[in-house]
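Q: What follows is a protein structure lacking sequence information:
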């Protein structure tokens, strides 16, 4: 066998080994990619999102003591991803300090009128496209608003609404505000929404029926959907009525909802967990 022929054989073997090595590399890369995709999809399909709403009553508890630390500690214990707070008193509480201690982003808006209280949104996710929408008033004593933000969760846009309806003895306002909020949500371009807050009406009220029966938008009352008890939220030390809610769009998957009593406020918090 001459030298040239031997070189050709060696080169042929080398090329075969090279091609075999490349083939193994390609197969390995495909297996790794599929594994990563499966892990991501599995992780996403089993990820939970915690939503919390709480009227904190200016951080004055049922014992009459002002103590923002109790509010922060309770939120930390529950570890929600998004929180809606009502009756946040910006004279006595610094929203940026609260957000920093909770390691969350925030948006706060004080309601007009004889008050320093407003609504706050705290989120582990970035808060986008903030809107402040005035609610209709006929019998109200001070202005009320609907906060709306967009939050990107699990590769999808969610609309998050936080509100505090007119006080408990204003049923005309409640009904009008319920209709207005349902109409507002129905105009959104995103089908995924959370509405939470102190609505000051009970499930047996005309306002509740007005909201739930509004066919412009299909929604779920997450606590009632998952529980058989009354779910009363007020007062926290003597729970006799339910006025704090977390609603969601039909198609979302609430898997647990609970009422959390604390002496830190006269309202209980409501926490709903979603599988996303």
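A: Happy to help now that I have it. A quick note: this is a predicted structure, and the numbers were derived from the prediction, not measured. Numbering: from 1, shown residues only.
Q: Who are the contact partners of residue 190?
A: Shown in contact with residue 190 (Cβ atoms under 8 Å, 6 or more residues apart in numbering): 150, 157, 158, 159. From N, CA and C alone the C-beta is placed, and that goes for glycine too.
Q: Which parts of the stretch 51-200 of the chain are strands?
A: Remark: strands assigned in the stretch 51-200 of the chain by DSSP state E, counting those that start in this stretch are 82-89, 105-110, 117-123, 128-134, 145-153, 156-164, 193-198.
Q: Give the pairing partners of the second one; include direction for each.
A: Yep, that's strand 105-110 we're talking about. According to DSSP bridges, strand 105-110 forms sheet pairs with strand 117-123 (antiparallel).
Q: average pLDDT for the partner strand?
A: Taken as a whole, strand 117-123 has a mean pLDDT of 96.
Q: Equivalent analysis for stretch 97-107, please.
A: For stretch 97-107, mean pLDDT rounds to 98.
Q: distance between the ends of that stretch?
A: 12 Å (Cα to Cα, to the nearest Å).
Q: how distant is stretch 188-208 from the center of its chain?
A: Computed by Cα atoms, centre = their mean, to the nearest Å, the chain-centroid distance of stretch 188-208 equals 14 Å.
Q: And the contacts of residue 190, which is closest to residue 269?
A: Using Cβ to Cβ, residue 158 is the member of these that lies nearest residue 269, at 20.2 Å.
Q: Do I have it right that the closest one meets residue 193?
A: Yes - if you go by Cβ atoms under 8 Å, residue 158 and residue 193 touch, sitting 6.8 Å apart.
Q: Which one's more surrounded, these two?
A: Counted by other Cβ atoms under 10 Å, residue 158 and residue 193 do not tie: residue 158 has more neighbours, with 24 against 20.
Q: ok, the more buried one - contacts?
A: Counting by Cβ under 8 Å, 6+ apart, residue 158 makes contact with 150, 151, 152, 190, 192, 193, 194.
Q: For PyMOL, write the selection for the buried entries among the residues you listed.
A: Entered in PyMOL, the line below selects the buried ones among the contacts of residue 158, by 16 or more other Cβ atoms under 10 Å:
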select buried, resi 150+151+192+193+194
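Q: Domain ranges for the protein, per the record?
A: For the chain, automatic domain parsing gives the domain ranges 1-46, 49-275.
Q: Could you identify which of those is most buried?
A: Mean neighbours per residue, mean count of other Cβ atoms under 10 Å, is largest over the domains of the chain for domain 49-275, with a mean of 18.
Q: Start and end of it, how far apart?
A: For domain 49-275, the first-to-last residue distance is 6 Å (Cα to Cα).
Q: do stretch 82-96 as well
A: Start-to-end, stretch 82-96 (Cα to Cα) is 16 Å.
Q: about what we covered before: going by mean pLDDT, which of the domains of the chain comes out lowest?
A: Minimum mean pLDDT among the domains of the chain: domain 1-46, a mean of 48.
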